[in-house]
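>>> The following comprises the amino acid sequence and a computationally predicted model.
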Amino acid sequence: MAQRLALQRLLSLPARGPLASHGRAFGTSPGRRSTFNVQDGSDFQDRVVNSPKPVVVDFHAQWCGPCKILGPRLEKLVAKQEGKVLMAKVDIDDHTDLAIEYEVSAVPTVLAMKNGDVVDKFVGIKDEDQLEAFLKKLIGA
């Protein structure tokens, strides 16, 4: 309830800044570009399997409570890596074939992929320290 009221207050504030008149006050930081939603199997092949950079693959579902906690946490930490690693988000309800191919039996499942191979994996929710360690291991830092 308190969050809803805070959001309503925020949305009712008058727009300010150089983008206010255009109605598009959203950021285009490099961190945002490091995360993408997989569109189909071909997109997964091109952007994940064939990626020259390591990729964290977040298999999730809209109805999954832990996924809603883990996803933003992981996105934030991937963005902090400043382009050293990418993050692909795969909705298992939209891409059942990929979930089956990568043996996803529960969500959230997160894969670490390098040169097209799965090099690490975890299932369930992790805290920020565990996620940082997971990313550092993938990047080799």
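Looks like it came in fine. Numbering: from 1, shown residues only.
>>> Every contact and neighbour count from this point should use C-alpha atoms.
Fine.
>>> for the chain, which spans come out with low pLDDT?
1-32, 141 (pLDDT under 70).
>>> at 80 instead, please
Counting by pLDDT under 80, the chain contains low-confidence residues at 1-33, 141.
>>> Which parts of it are strands?
35-37, 55-60, 86-91, 109-114, 117-123 (DSSP state E).
>>> Need the residues that contact the longest helix anywhere in the chain.
For the chain, the helix with the greatest residue count under DSSP state H is helix 65-80. Helix 65-80 is contacted from outside by 30-32, 34-35, 58, 60-62, 85-87, 107-108, 124-126, 128, 131-132, 135, using CA atoms under 8 Å, 6 or more residues apart in numbering.
>>> Can you tell me which residue is spatially central in the protein?
Nearest residue to the geometric centre of the chain (CA atoms, centre = their mean): Glu75, 4.5 Å.
>>> Now do that one against His60, distance only.
Glu75 sits 13 Å away from His60, going by CA to CA, to the nearest Å.
>>> list residues touching both of the two?
In terms of CA under 8 Å, 6+ apart, Glu75 and His60 are not both contacted by any residue.
>>> measure the residue nearest to the centre of the chain to Ile69 for me?
11 Å.
>>> With Leu131 instead?
Distance, Leu131 to Ile69, using CA to CA: 13 Å.
>>> Check Ala61 too.
Spatial separation of Ala61 from Ile69 under the definition CA to CA is 12 Å.
>>> same question, Lys84
Here the criterion is CA to CA. By it, Lys84 lies 23 Å from Ile69.
>>> quick one on the thing from earlier: of Leu131 and Ile69, give the one with the bigger neighbour count.
When Leu131 and Ile69 are compared on other CA atoms under 10 Å, the one with more neighbours turns out to be Leu131, at 18 against 14.
>>> Which residue, neighbours along the chain excluded, lies closest to that one?
Leu74 (7.0 Å; CA to CA, 6 or more residues apart in numbering).
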